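[1] Please find the sequence and the predicted model below.
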Amino acid sequence: MLKSFSLLPRHHSAGSALSTTSSLPARAFHAAAAAVTSPGPQGPRRGEMVLVAQRKLNFGDVLIVPQKSFVHSRAKVDISTQYNFKYSPHTWTGKPLMSSNMDTVTCVDTAEILAERDWISVFPKHFNLLWDGSEKNQQIPEVLSKTNNYSLSCGTSDADIHQMLAAAKQIDTAYGKPVKMVTVDIANGYLDNLVQKCAKIRELMPDAILVAGNVVTPEGMYELVHKGFVDIVKVGIGSGAACTTRLKTGVGYPQFSSVAECSEAAVSFGAHVISDGGAVYPGCLAKAFGANASFVMLGSMLAGHLESPGELITDPVTGEQFKEYYGMSSKKANEKHFGGLKSYRSAEGKVTHLPLKGELLETLLDIEGGLRSACTYVNAGNLDELSRKCVFIEVQ
């Protein structure tokens, strides 16, 4: 049986209702969470649980229904957009497409290419050490003068935050342009420590566009937005191509449903959502924007190119070339950045070898072309119209 449902646009009024067969509204989610976290008079008993018995969907579980269209050419579709924010006074303008802050995805070379296409590069946090002024003759790359086209990142340790702040100061000194966007990134966005550290960064950088995550539910978003003073929330746990969190922990949420439900909550919270993970084809991005995501972050789709960071590997027999790609919670990433995998942890990322894809620019153009084409199928001239006009059908 086929089910169809529509999703409200990311700029709809807070009083509107979401009509969908698969999403769990924020108020219902909070009621379910309360049932779990509120113990009885004798305290919680082993075996008490809540099962949300609704089908949740990944990008591959839905398709966009075509409609009569007057957008006769992809060339007429504008995939750039402009956003204002709940806390930051900045206005951001560009293509709401981002590279992930992963070792094998984002570097200065890729950031320059993305900036030319008006995308955003989120630098891995170890880049802060290259720009924090701790060593003489540190070079601040010119791409960091383009404040709409990059974000610094950090974790929640005091050392991470200090290094990020120091790098931001050096960039401001070099170009006279304060860092506009900062991403606070940890695997488990439900930790209260993340909320506290985001609130601290907001105090230290009151004008910054503050991004944090990752979460997959309205409850997690609420904490970050209203207590952590975050403008944009990254949504996605376990959906990345190099992530094994679902296998190691059993924790996660299907990405399409997560984006749809969190985007609904984002409207009432006054925040924005980044869909982070689960995208393997350009059509996945169209579905994410149709589900009202404000931004989409890409990892594996941007990895494996000539300009991509990561070791180039040549098969000695066939001569075929590969680029290394690994998750930031993998054993390799822990050995590279954290002195090895601690005995109390498990690696929640994997190392893979991607066949060399060629030039990164070709992939960027292919992704943009797919988005434009999706818009022509639903009579949308831009991404805002795409989110308003998308009707999805569930494929069972």
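    Arrived safely, thanks for sending. None of these values were measured; they are calculated from a predicted model.
[2] outside of stretch 61-80, which residues touch it?
    Counting contacts by Cβ atoms under 8 Å, 6 or more residues apart in numbering, the residues outside stretch 61-80 that touch it are 4, 93-95, 118, 254, 256, 286-287, 290, 368-369, 371-383, 389-395. C-beta coordinates here come from the backbone N, C-alpha and C atoms, glycine included.
[3] Could you work out the end-to-end span of stretch 379-395 for me?
    Stretch 379-395 has an end-to-end distance of 22 Å (Cα to Cα, to the nearest Å).
[4] for the record, mean pLDDT for that stretch?
    What stretch 379-395 shows for mean pLDDT is 95.
[5] Any idea how far that stretch is from the middle of the chain?
    Distance, stretch centre to chain centre, for stretch 379-395: 20 Å (Cα atoms, centre = their mean, to the nearest Å).
[6] centroid residue for the chain?
    Computing the C-alpha centroid of the chain and ranking residues by Cα atoms, centre = their mean puts D276 first, at 3.1 Å.
[7] and that residue, what does it touch?
    100, 213-214, 234-236, 239-240, 296-297 are the contacts of D276 under Cβ under 8 Å, 6+ apart.
[8] In the stretch 251-396 of the chain, mark out all the strands, start to finish.
    Here the stretch 251-396 of the chain has its strands, by DSSP state E, counting those that start in this stretch, at 272-276, 295-298, 312-314, 321-326, 351-355, 391-394.
[9] got the contacts of D276 as JSON lines, with distance to M164, neighbour count and pLDDT columns?
    Formatted as JSON lines, the contacts of D276 follow (distance: Cβ to Cβ, whole Å; neighbours: other Cβ atoms under 10 Å; pLDDT from 0 to 100):
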{"residue": "S100", "distance to M164": "17", "neighbour count": "27", "pLDDT": "96"}
{"residue": "G213", "distance to M164": "16", "neighbour count": "28", "pLDDT": "91"}
{"residue": "N214", "distance to M164": "18", "neighbour count": "26", "pLDDT": "94"}
{"residue": "K234", "distance to M164": "16", "neighbour count": "30", "pLDDT": "97"}
{"residue": "V235", "distance to M164": "22", "neighbour count": "33", "pLDDT": "97"}
{"residue": "G236", "distance to M164": "22", "neighbour count": "27", "pLDDT": "95"}
{"residue": "S239", "distance to M164": "26", "neighbour count": "25", "pLDDT": "74"}
{"residue": "G240", "distance to M164": "23", "neighbour count": "26", "pLDDT": "63"}
{"residue": "V296", "distance to M164": "24", "neighbour count": "26", "pLDDT": "98"}
{"residue": "M297", "distance to M164": "18", "neighbour count": "30", "pLDDT": "97"}
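[10] Out of those residues, the closest to G304 would be?
    Checking the contacts of D276 against G304 by Cβ to Cβ gives S100 as the nearest, at 13.0 Å.
[11] what's near enough to touch A174?
    Residues in contact with A174 (Cβ under 8 Å, 6+ apart) are 140, 144-145.
[12] Same question for L97.
    L97 touches 119-120, 285, 295-296, 298, 367, counting by Cβ under 8 Å, 6+ apart.
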